[in-house]
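K.L.:
Below are the sequence and a predicted model; questions follow.
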Amino acid sequence: MSLIRLPAAQAAADLGAFHAIIDARSPSEFAEDHLPGAVNWPVLDDEERRIVGTLYKQVNAFEARKVGAALVARNIARHIDEWVRPLPRDWRPLVYCWRGGDRSGTLAWFLERIGFRTHLVEGGYKAFRAVVREDLERWPTRFDWRVLCGRTGSGKTRLLQALAAQGAQVLDLEALACHRGSVLGDLPGQPQPSQKGLDRRIWECLNGFDPARPVYVESESKRIGRLWVPPALIARMREQGRCVWLNLPDDARVQLLLEDYAFLRDDPERLCTLLDGLIELRGRELVQQWQAAARAGQIAEVFADLMRQHYDPGYERSLQQHFQGLAQAEVVDLPDAGPEALTHAAATLLAPSA
């Protein structure tokens, strides 16, 4: 049995054909991003990579290889003991490292010698990353985008969830980016992925969509937190997307914000810290007024004032400037943002005449 080398594009298209996708890189490399569904079997951990790399630079390649070979052999033996022994003969792994070189090649050689039909990604993660970037340039033009627009707190994310629950194709960019897309958008306990990680998550979603059916998405800006939405996707949404405008009464919008940002309602100091980010735009005096009101427990009043004075004017101006289909937008009037209203709105949008 011989090792099978696959071009990265072919491997990306056939990920479901393998019983396991094994990333042989270090834990920190794996944490930054990895192939969909991959597990991490590092042949060198981060500290071991540092030790071997230092030997390469300060001594010579021969001494580095001797030390590295011992470390790699011990790590691969541990992976085999821990993971491989129970596996059947027909188990089919796909293995990769950064560039498809020594690390993945060594691990794949051991698996192949055991008798498994082992595949290796040519060019490794670097080549897969190039495939993702290329696909994200091309794929957005495949789809009929339906863009949910509306003021802050109008229920766009909740309507996306209701649409998904009824079988619609939904690209929830804020969920993928682990951020709500505003100065208050950090989610507690949910750090944002790397930029590469966000790109790969979007790629996975687009790869699973049917071009014959519409895709619903929220009217995001180019940036969500510290991450950037792929330019070709933003351009397609803005230039060709069919807009849907959500109307929700102001009191219901405030109630939605109190529910969705309960962690800020319950932690006024966290809210005050985030509000410091608006000083440059809104002035220190106004921000300090909001902070004083928040510390006094007037969170609903702060949210209402933020809507009126900060979010609504800027958001509507940005929408009118960037989304060409806004003037012809279908209007959805929601009485509230409760499950019944959102379920009805989703069903209406998905009806054949919609």
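P.N.:
Now that the structure is in, tell me what you want to look at. Residues are numbered from 1 along each chain as shown.
K.L.:
I'd like the next helix or strand past the helix or strand where Trp245 lies.
P.N.:
Using DSSP states H and E, Trp245 maps to strand 242-247. Where DSSP H and E defines the elements, the next helix or strand beyond strand 242-247 is helix 250-260.
K.L.:
what's that next one in contact with?
P.N.:
151-155, 157-158, 180, 248, 265, 299-300, 303-304, 307, 334-337 (Cβ atoms under 8 Å, 6 or more residues apart in numbering). In this view, the C-beta of every residue, glycine as well, is placed from N, C-alpha and C.
K.L.:
In stretch 255-273, which residues are buried?
P.N.:
Using 16 or more other Cβ atoms under 10 Å as the test for burial, stretch 255-273 gives 255-257, 260-261, 264-265, 268, 271-272.
K.L.:
that older thread, note down every partner strand of the strand holding Trp245 and its orientation.
P.N.:
Paired strands of strand 242-247, with direction, are strand 145-150 (parallel), strand 330-333 (parallel) (DSSP bridges).
K.L.:
List the contacts of the shortest one.
P.N.:
The reference is to strand 330-333. 159, 242-247, 345, 348-349, 354.
K.L.:
And for the longest one?
P.N.:
Contacts with strand 145-150, where a contact means Cβ under 8 Å, 6+ apart, come from 156, 159-160, 214-219, 236-237, 240-248, 319, 323, 325-326, 329, 349.
K.L.:
Show me which of those are buried.
P.N.:
Here, 16+ other Cβ under 10 Å leaves 156, 159-160, 214-219, 236-237, 241, 243-246, 248, 319, 323, 325-326, 329, 349 buried among the contacts of strand 145-150.
K.L.:
Give me the subset of these that lies in strands.
P.N.:
Judged by DSSP state E, those include 215-218, 243-246 as members of strands.
K.L.:
coming back round to it: in PyMOL, how would I select just the buried ones from the contacts of helix 250-260?
P.N.:
A single PyMOL command is used to select the members of the contacts of helix 250-260 judged buried by 16+ other Cβ under 10 Å:
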select buried, resi 151+152+153+154+155+157+158+180+248+265+299+303+304+307+334+336+337
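K.L.:
Filter the contacts of helix 250-260 down to just the ones in helices.
P.N.:
Secondary structure assignment by DSSP state H places 157-158, 265, 299-300, 303-304 of these in helices.
K.L.:
could you point out where this protein is predicted with low confidence?
P.N.:
Across the chain, residues meeting the criterion (pLDDT under 70) sit at 1, 353-354.
K.L.:
Tell me how it divides into domains.
P.N.:
4-133, 143-350 (automatic domain parsing).
K.L.:
ok, the closest residue to Ala12 other than its chain neighbours to His19 distance?
P.N.:
If the residues on either side of it in the chain are set aside, Ala12 comes closest to Val131, at 5.0 Å by Cβ to Cβ, 6 or more residues apart in numbering. Distance of Val131 to His19, given as Cβ to Cβ, to the nearest Å: 22 Å.
K.L.:
Then Val84?
P.N.:
Distance from Val84 to His19, by Cβ to Cβ: 12 Å.
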